[in-house]
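Asks: need a 3D model of the sequence below.
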Amino acid sequence: MKFHEPRNLAFLNALIITGIYLVLFCVSILLLNAGVFNHFFSYLVVFFNALLLFVFVNFLFRYTIDHFIYSKIRLVYKSIHSFKLGKKEKPIVFPEHDIIENVQAEVDNWEGEKQKEIEQLKRLEQYRRDFIGNVSHELKTPLFNIQGYVSTLLDGGLEDPAINREYLKRSEKSIERLVKIIESLDEISQLESGHIRLNISKFDLVALTQEVVEMLDMKATRHNIRMIVNEPEKHIFVSADKEKIRQVLTNILDNSIRYGREGNGCTKITFFDMDKNILTEITDNGIGIDSLDLVRVFERFYRTDRGRAITRKGKGLGLAIAKHIVEAHQQTIQVRSTIGVGTTFGFTLEKT
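Replies: Sure, this is the predicted structure:
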């Protein structure tokens, strides 16, 4: 028996009060006049009075609970439930006697949802702060460089042929870096909003990878890093936007060169047949990424402290763009890494 239900609760209270009444009444009569209970009629009167009291108390409790207490609970329940459902959805009708359980369940569920929302808002706020800090950090260097060069030229350097042209060239490079940052941010925004249409075609993924490797060969050579493509026995054709996938490969491979192990570095590209998809894995033996940073490597402008210490180059947007491009193809991109051992990026594409 569930004693929190209106009927059972009223019944229990009426039973307790009636029992207390009988005990007190009988004790009082015995103390005052014990001979009253010598007649059967006396027992009948006591039983009848107890029955009337039970019925009255039961009705009073049920009426009070149902019309005053439960009416308020129903109002709270409906408010919570309506708020959660919204105006367009059809509300769920629950049995009347389960109202307390339903309210408790709704409140617990609502509390859990709000707690998740609070945690999400905290994460978003932290992300916003980090994002603003990272944007400021990336924009600060080229802006300060331009300011310094222009100030030097205005202070008389413009008339000095030994520095005027050189400083203008340096200013141009800093401006180009700012333009690339803005263009990358614009590209991410368009990818997120779905405004960029993908030019889907069938192409050889291995051949495209070889092209990207050849394009980055000089940079890899400067860093003494070997780039190895583990070519499969047969051609691998995928259905995707070729130029966008070229950008994904370029961004990931460029990242592996920048943070690779100079002197004895190696980056390997391997392809795996995953039935309907092709998994491309790019593995290096570089510095690795800490587990705390691993979950954030695809955030725009995010670079680890170890990464910043190794090189000041890079905008921290390459991996963010790669992630959005892959996800625009309805595919996935993942990363795993171990400090001092290396990092592996993997992404899938639809096989044709």
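Asks: okay, buried residues for stretch 276-291 please.
Replies: 277-289 (16 or more other C-beta atoms under 10 Å). For every residue, glycine as well, the C-beta is placed using N, CA and C.
Asks: do the same with stretch 183-200
Replies: Buried residues in stretch 183-200, counted by 16+ other C-beta under 10 Å: 184-185, 187-188, 191, 196, 198.
Asks: where are the low-confidence patches of the stretch 51-200 of the chain?
Replies: 65-104, 106, 127, 130-131, 134, 137 (pLDDT under 70).
Asks: any idea how far the residue nearest the centre of the chain lies from residue 126?
Replies: The centre of the chain sits closest to residue 120, judged by C-alpha atoms, centre = their mean, with a distance of 7.1 Å. To residue 126, residue 120 is 11 Å away according to C-beta to C-beta, to the nearest Å.
Asks: re the thing from before, what would the buried residues of stretch 183-200 look like in a markdown table with secondary structure?
Replies: Below are the buried residues of stretch 183-200 laid out as a markdown table (DSSP: H, G, I helix; E, B strand; the rest coil):
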| residue | secondary structure |
| --- | --- |
| 184 | helix |
| 185 | helix |
| 187 | helix |
| 188 | helix |
| 191 | helix |
| 196 | coil |
| 198 | coil |
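Asks: just the closest of the residues you listed to residue 177, please.
Replies: residue 184 (10.6 Å; C-beta to C-beta).
Asks: excluding chain neighbours, what is closest to that closest one?
Replies: In this structure, residue 184 finds its nearest non-sequential neighbour in residue 317, 4.3 Å apart by C-beta to C-beta, 6 or more residues apart in numbering.
Asks: just give me the neighbour total for that neighbour.
Replies: 23 (other C-beta atoms under 10 Å).
Asks: now the one 10 residues further on
Replies: Taking other C-beta under 10 Å as the neighbour definition, residue 327 ends up with a count of 15.
Asks: show me where this structure has its helices.
Replies: For the chain, helices defined by DSSP state H occupy the ranges 6-32, 40-64, 70-85, 99-154, 164-193, 205-215, 217-222, 242-258, 291-294, 305-310, 318-328.
Asks: now for those, which one comes closest to residue 344?
Replies: helix 242-258 (9.6 Å).
Asks: let's test this: mean pLDDT of that closest one, rounded?
Replies: Taken as a whole, helix 242-258 has a mean pLDDT of 93.
Asks: now do the phi/psi pair for residue 329.
Replies: Note on residue 329: its backbone torsions stand at phi -90, psi 10 [degrees, to the nearest 10].
Asks: beta-bridge partners for the closest residue to it other than its chain neighbours, please?
Replies: Nearest non-adjacent residue to residue 329, counting by C-beta to C-beta, 6+ apart: residue 240, 5.5 Å away. Residues in a beta bridge with residue 240, per DSSP bridges, are residue 201.
Asks: I'd say residue 240 and residue 200 touch.
Replies: Yes. Contact criterion C-beta atoms under 8 Å: residue 240 and residue 200 qualify, at 6.3 Å.
Asks: mind listing what the nearest residue to residue 177 once chain neighbours are set aside touches?
Replies: Nearest residue to residue 177 in three dimensions, chain neighbours excluded: residue 142, at 4.7 Å (C-beta to C-beta, 6+ apart). Taking C-beta atoms under 8 Å, 6 or more residues apart in numbering as the contact definition, residue 142 lies against 174-175, 177-178.
Asks: and the buried residues of stretch 183-200, which two are furthest apart?
Replies: The most distant members of the buried residues of stretch 183-200, if one measures by C-beta to C-beta, are 185 and 198, lying 19.6 Å apart.
Asks: before we move on, the earlier item: tell me how far the residue nearest to residue 177 lies from residue 273.
Replies: For residue 142, the distance to residue 273 - C-beta to C-beta - is 44 Å.
Asks: one more: residue 140?
Replies: 46 Å.
Asks: residue 186 too?
Replies: Counting by C-beta to C-beta, the gap from residue 186 to residue 273 is 36 Å.
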